[in-house]
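Asker: what follows is a protein structure lacking sequence information:
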């Protein structure tokens with residue numbers, strides 16, 4: 001009986017061990033299967049939600065990362081690089097900036113990796129703009145203007161090389177590019193002499209419209225636009241020279257939009273001189289996510305090209321001399337927050353912030 005009991009116990013232990021080994025194999029198989037499914041699901045997610053790629057901070061380059069994320073979320077702009085139009089528009093020459101920028105935009109848009117480094121682009125950029133090579137914080141709006149200007153020059157020069165012979169023969173070398181076609185609008189400043197009542201128009205192009213903030217507490221984007229486009233009276237030291245009167249005269253000046261761009265960028269002037277120095281305005285500026293109407297500030301008979309939808313926001317949190325930039329961008333009908341390498345989906349209700357600094361709108365009529 002004793003030997004039989006010992007034998008049964010041994011058999012029971014062997015069977016239990018066998019079951020454990022079998023379960024380990026099953027668990028291993030299930031684990032591999034689960035990882036495979038998760039990997040497939042992540043690939044599927046990236047495929048259906050392109051553009052959700054974080055950017056490494058290269059030491060206080062959050063200003064750069066935020067602007068790059070916003071530019072990569074603009075469909076008309078990204079089409080240049082994803083469709084090959086940008087590559088076609090460039091030819092061999094001094095187009096290094098546009099080429100490196102296009103590679104970065106394409107890599108960000110494909111979304112094959114959670115995070116990439118913009119080091120190659122940054123190195124080319126600071127060679128052309130050495131003031132940005134320091135590790136101190138820089139202004140996002142100044143960086144944006146420099147990027148658009150460099151892209152414009154590369155695409156314009158390439159276009160001029162292609163059309164050099166014919167253009168020189170006609171004496172007509174264009175100063176436009178596919179960048180100005182997208183981002184550039186036209187203003188007209190109508191100046192009226194208060195003595196002779198003569199009105200003259202002075203045209204001015206813009207790629208970023210800098211708007212004053214008329215309140216220290218809360219206002220709307222429309223309030224900022226009304227403040228920018230209101231009629232002003234110029235007197236005393238601000239008098240305008242009137243060619244008809246032959247002297248400086250008091251005058252009124254009022255700006256209107258004569259050409260609306262496909263992509264319009266608003267810069268909220270949060271950094272302003274107040275009292276004894278330059279300070280940051282913490283005013284909450286309310287802005288619409290869609291149906292922004294610019295027709296009240298335009299002389300166009302049709303307002304079909306004056307309706308805009310918000311695509312991206314650059315936020316600045318912190319003080320004037322120290323802060324952090326982040327971006328809110330719309331991809332595949334969903335909003336996401338980009339904080340350097342971190343990408344988080346957010347609801348539409350979180351797009352309105354009290355730290356908005358740059359607003360990117362695209363025309364609904366295009």
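Answerer: Ah, there it is. Note that the structure is predicted; figures quoted are calculated from it, not measured.

Asker: burial count for residue 218?
Answerer: 11 (other CB atoms under 10 Å). Quick note: C-beta positions are derived from backbone N, CA and C, even for glycine.

Asker: for the one 5 residues further on, same thing?
Answerer: Counted by other CB under 10 Å, the residues lying close to residue 223 total 18.

Asker: next: residue 272.
Answerer: Residue 272 has 12 nearby residues by other CB under 10 Å.

Asker: surely it and residue 281 touch.
Answerer: Yes - contact criterion CB atoms under 8 Å: residue 272 and residue 281 qualify, at 6.1 Å.

Asker: mutual contacts of the two, please.
Answerer: residue 213 (CB atoms under 8 Å, 6 or more residues apart in numbering).

Asker: any idea how far the spatially closest residue to residue 202 that is not a sequence neighbour lies from residue 137?
Answerer: Spatial nearest neighbour of residue 202, excluding adjacent residues (CB to CB, 6 or more residues apart in numbering): residue 189 at 4.5 Å. Distance of residue 189 to residue 137, computed by CB to CB, to the nearest Å: 34 Å.

Asker: between the two, which one's more packed in?
Answerer: residue 137 (18 against 13).

Asker: so how far is residue 296 from the more buried one?
Answerer: Distance, residue 137 to residue 296, using CB to CB: 36 Å.

Asker: before we move on, back to that, for the residue nearest to residue 202, helix, strand, or coil?
Answerer: Secondary structure state of residue 189, per DSSP: H, G, I helix; E, B strand; the rest coil, is strand.

Asker: for it, which residues make a bridge with it?
Answerer: Bridge pairing for residue 189 (DSSP bridges) gives the partners residue 202, residue 255.

Asker: quick one: the helices in the stretch 201-350 of the chain, in order.
Answerer: For the stretch 201-350 of the chain, applying DSSP state H, counting those that start in this stretch gives helices covering 221-229.

Asker: do the same with the stretch 51-200 of the chain
Answerer: Using DSSP H, counting those that start in this stretch, helices in the stretch 51-200 of the chain cover 62-72, 75-82, 85-89, 96-110, 119-128, 140-162, 164-170, 178-183.

Asker: OK, contacts around residue 147?
Answerer: Per CB under 8 Å, 6+ apart, neighbours of residue 147: 67, 71, 101, 125.

Asker: any idea which of those residues is closest to residue 316?
Answerer: residue 67 (11.5 Å; CB to CB).

Asker: identify the residue spatially nearest to the closest one, adjacent ones excluded.
Answerer: In space, residue 67 is closest to residue 144, 4.9 Å off (CB to CB, 6+ apart).

Asker: determine the number of other residues adjacent to residue 104.
Answerer: For residue 104, using other CB under 10 Å, the count is 24.

Asker: tell me the mean pLDDT for the host helix or strand of residue 358?
Answerer: Using DSSP states H and E, residue 358 falls within strand 356-363. The pLDDT scores in strand 356-363 average 97.

Asker: give me the contact list for it.
Answerer: 67, 70, 73-76, 140-141, 144, 208, 221, 260-268, 270, 285, 287, 292, 305, 307-316, 325.

Asker: only the buried subset of those, as a ChimeraX command please.
Answerer: Buried residues among the contacts of strand 356-363 (16 or more other CB atoms under 10 Å), as a ChimeraX selection:
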select :67,70,73,74,140,141,144,208,221,260,261,262,263,264,265,266,267,268,270,285,287,292,305,307,308,310,311,312,313,314,315,316,325
